[in-house]
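Engineer: Fold the following and give me the result.
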Amino acid sequence: MDIASIRKEYTLKSLEIKDVKEHPFTQFHIWFQEAVDSKVLEVNAMTLSTIGLDGYPNGRVVLLKELDYGFVFFTNYKSEKGRELLQSPKAALTFYWGELERQVRVRGDVEVISEKQSDEYFTSRPIGSQIGAWASPQSEKINRDFLEKRLENYKKEFETKPLTRPPHWGGFRIIPNQIEFWQGRPSRLHDRILYELNGEGTWTISRLAP
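Structural biologist: Below you'll find the predicted structure:
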């Protein structure tokens, strides 16, 4: 396969500073809704990049579940990403919506959300997902039989007692200090509009070279 010959010309839209909103969250909501309307596959999927415990960058795809003053997702706090974020509470996110030839890049600080907020989201999940959060020792080396036996054991256990959120499971919030909106353009001359948070709590908007 000639990988170098794989190319796509981006022609759908453009992005100008004069057309974007003053606040990046407002702009994100507009783009996110357009992605929903376009039926983008896994529209809330985002690549989460963390600082690994070994110092190497580490990335994986997670799902955005809430957007308030930051980007919220949920995981096992004892997982690889959970331990990394607790040790080095800084992260980056990347959304890619290929159908719209767009991506959004986010960088910022990380905090653990409140137990109340984690409880509320946990109880909204399907029962199978709730039990799975108990059953999976996320990121540990296992075999499939071990996991399925744990799942069956927890199913039996929660037949006789309330199903509550595991204490090791909950949400993180990435609070951005930079958000970049990227729109594909012809000849690789893409539009890149960067929002940067300044010391006064407002956002500075600039264009980046592609």
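
Engineer: Buried residues, the least confident helix or strand in the chain by mean pLDDT. List them.
Structural biologist: Ranked by mean pLDDT, DSSP states H and E, the weakest helix or strand in the chain is helix 144-157, scoring a mean of 93. For helix 144-157, the neighbour count (16 or more other CB atoms under 10 Å) marks 150, 151, 154 as buried. All C-beta atoms are positioned from the backbone trio N, CA, C, and that covers glycine.

Engineer: Identify the residues contacting the second one.
Structural biologist: If I follow you right, that is residue 151. Residues in contact with residue 151 (CB atoms under 8 Å, 6 or more residues apart in numbering) are 131, 132, 135.

Engineer: Just the residues you listed: which are in helices?
Structural biologist: 131, 132, 135 (DSSP state H).

Engineer: What about the second one, how many residues nearby?
Structural biologist: It refers to residue 132. Residue 132 has 16 neighbouring residues, counting by other CB atoms under 10 Å.

Engineer: Kindly report the same for the first one.
Structural biologist: Other residues near residue 131 come to 20 when the count uses other CB under 10 Å.

Engineer: And it, what's its pLDDT?
Structural biologist: Each residue has a pLDDT score; the one for residue 131 is 96.

Engineer: Spit out the contact partners of it.
Structural biologist: 151, 154, 155, 158, 163.

Engineer: mind redoing it with 6 Å?
Structural biologist: Going by CB atoms under 6 Å, 6 or more residues apart in numbering, residue 131 touches 154, 155.

Engineer: how near is residue 196 to residue 90?
Structural biologist: 16 Å (CB to CB, to the nearest Å).

Engineer: for residue 63, same thing?
Structural biologist: From residue 63 to residue 90 the distance is 20 Å (CB to CB).

Engineer: ok, the residue of the chain positioned farthest from its centre to residue 154 distance?
Structural biologist: Residue farthest from the centre of the chain, counting by CA atoms, centre = their mean, is residue 160 at 35.0 Å. To residue 154, residue 160 is 12 Å away according to CB to CB.

Engineer: Residue 81 belongs to a helix, doesn't it?
Structural biologist: Yes - under DSSP: H, G, I helix; E, B strand; the rest coil, residue 81 sits within a helix.

Engineer: Let me know the secondary structure of the closest residue to it other than its chain neighbours.
Structural biologist: Distances taken as CB to CB, 6 or more residues apart in numbering place residue 50 nearest to residue 81, at 5.6 Å, with adjacent residues excluded. When classified by three-state DSSP, residue 50 comes out as strand.
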